[in-house]
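In: Could you work out the structure for the sequence below:
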Amino acid sequence: MGLKRYFILVFAIFIAANVSAQSRMTRAEYIEKYKQYALKNQETHGIPASITMAQALLESDCGNSRLAVLANNHFGIKCKKEWTGPTIKHDDDAPNECFRKYESAEASFRDHCEFLDKSPRYAALFELDPLDYKGWAYGLKKAGYATNPKYAEMLIKLIEENELYALDGSDAGPVDLAQVNKTPAVTEEKKPEVSAEKIDVDNYMVTIAGNGEYATYINNGSMFVVAKAGDTYKSMSGKLKVSERKLRKFNDVGLNYEPIEGEAVYVKSKSNRALNGKLLHTALAGETMHSISQKYGIKLNKLIKLNRRPADAPLIVGTQVRLM
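Out: Residues are numbered from 1 along each chain as shown. Prediction:
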């Protein structure tokens, strides 16, 4: 090789290395670009966004890994027998292993959460406190998500160095779960007086109008009235001009349930989450997921999805129930 060609080759290699170094995505850039997908799947599947982002950062090398670049695979998920989509070969524990290939990063994030959601080996994780990212990290390692013995510690380090716990709804740094269990996450304000009806909802309601025989209130963006003695969903439907079927649907009750005096009866669909910034409710004696969904004006199926608890199962006093 001539001297001139040699220097051209060296220069080309230098330029290529420089371009590669400059095009690498940083942690901050990666978090900003993809956190929306972690937050979306937190809402849908109840997986802490901090955990999703930490796993993505680690598994994809901040989006710079071969699998992330060529296959949009941000979590290193292998094909397994149930995968029927596109694939890519990649050296991992063994040479030329089969990995999943996605049409987009969003699809990768979604598949990762569905993978955890549907697999029995990870079921115990969904019983953890929604702010317990350390519990999730150690639980993933225990369930065999990764072979690295330091996997949990690596996730926790990423979460705390990059303050990813803020994505879960906490801005106060690493959470002391023992302290969280002692006191509610949000200090309750004094509730406004509401005529003489017996009603126990949180303090974000306001009277907005009359509705025939009933005063109408707003709780968490959802309209409700207060049931009176002798009311049934059928009798209320006529007075409120809302079908009985819709009333039962709005209140997440079956055909055999009737409202009791002083109970909130929603006349519009409840919200998907708490809209007032309140993240957690600390369960009181006798409460169920249904009673909490009524208390905060949140659809029961959404509350169940967030917390992975049966609708009418009694809750242990002090249990933290996620509201958003």
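
In: Might you report the residue contacts of residue 143?
Out: Residues near residue 143 by C-beta atoms under 8 Å, 6 or more residues apart in numbering: 121, 122, 124, 125. Heads up, the C-betas are built off the backbone N, CA and C, glycines and all.

In: mind listing the helices for this protein?
Out: 3-23, 27-45, 49-60, 66-71, 105-118, 133-142, 151-161, 177-180, 233-240, 244-250, 289-296, 300-307 (DSSP state H).

In: buried stuff in the fifth one?
Out: The reference is to helix 105-118. 105, 106, 107, 108, 109, 110, 111, 112, 113, 115, 116, 117 (16 or more other C-beta atoms under 10 Å).

In: For residue 39, see how far away residue 274 is.
Out: If you measure residue 274 against residue 39 using C-beta to C-beta, to the nearest Å, the figure is 15 Å.

In: now residue 249
Out: As judged by C-beta to C-beta, residue 249 and residue 39 stand 28 Å apart.

In: which of residue 274 and residue 39 has more neighbours?
Out: Set side by side, residue 274 and residue 39 show more neighbours around residue 274, with 23 against 15, by other C-beta atoms under 10 Å.

In: quick one: contacts for the nearest residue to the more buried one once chain neighbours are set aside?
Out: In space, and not counting its chain neighbours, residue 274 is closest to residue 323: 3.8 Å by C-beta to C-beta, 6 or more residues apart in numbering. When contacts are counted by C-beta under 8 Å, 6+ apart, residue 323 touches 273, 274, 278, 279, 280, 281, 296, 298, 303, 306.

In: Keep only those of those residues that are in strands.
Out: 280, 281 (DSSP state E).

In: quick one: which of the contacts of residue 323 is most hemmed in?
Out: The most neighbours of any of the contacts of residue 323, using other C-beta under 10 Å, belong to residue 298, which has 27 neighbours.

In: and the gap between that residue and residue 131?
Out: Remark: distance between residue 298 and residue 131 (C-beta to C-beta) = 18 Å.
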